[in-house]
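# structure, please.
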Amino acid sequence: MMKIFTTQLTGHFNRIQEQEEMNIEDSARLLAQALIGEGKLYLYGYRELHGVVLEALQSSEPLDRAEALLDENGQIKELSPEDRVLLFTYRSTDEEAISIAKALSDQGIQLVGVSALIKNVEAGLESVADLHIDAKLRQPLIPGDDGERYGFPALMTSLYVYYALSFTIKEILNEYEDEY
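Modelled structure (predicted):
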């Protein structure tokens, strides 16, 4: 079972790397603007995807000038136009993520959305976010004997995208510091 899961997950990571490379680079540039300027980078993760926020804020390699988007009461913090938001959710159709993205967009806050892109939907997260990265995890990875699938590693794929963004942001910031 682990071999199947590992093979599927590795293939999934490879698809993200190959198919989302430009979106990751563009998104990292947008997010780095806050860190080059006077802004902060705010993060949001839906349900267990809040683990990405914890990784960014409390890991052994925290992201500079990053904060959780929501305060202790679950409300969106007050942001400035210099700030940027990185939002993680399961699918591009998740209503809560779309609602948060619309509220931020109405305030003029630029954001990157990360979710599995659900096609043929008019008003998904990708249409509200300034940039969108397709996390590609639309269904569980392992087929069961009964026809059902299981093993939905949404946090793992979100962390993979987070690290791709984090590494790219660090490269951008290092290049900027070398030039100025």
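
# pull out the buried residues from the helix ranked longest in the chain.
Secondary structure of the chain per DSSP state H: the longest helix is helix 2-36. By 16 or more other C-beta atoms under 10 Å, the buried positions in helix 2-36 come out as 8-9, 12-13, 16, 20, 23-24, 27-28, 30-35. C-betas here are computed from N, CA, C, even on glycine.

# closest to Lys102 out of these?
Checking those against Lys102 with C-beta to C-beta, the nearest one is Leu30 at 17.9 Å.

# sketch out the low-pLDDT regions of the chain for me.
180 (pLDDT under 70).

# the chain: helices as residue ranges?
According to DSSP H, the helices that the chain contains are 2-36, 50-58, 95-106, 125-128, 154-179.

# is it correct that Ile100 is in contact with Gln75?
No - Ile100 is not in contact with Gln75 according to C-beta atoms under 8 Å; the separation is 10.8 Å.

# give me the distance between the closest residue to Arg84 other than its chain neighbours and Arg15.
Leaving aside its sequence neighbours, Arg84 sits nearest to Ala34 (C-beta to C-beta, 6 or more residues apart in numbering; 4.1 Å). In this structure, Ala34 and Arg15 are 28 Å apart, going by C-beta to C-beta, to the nearest Å.
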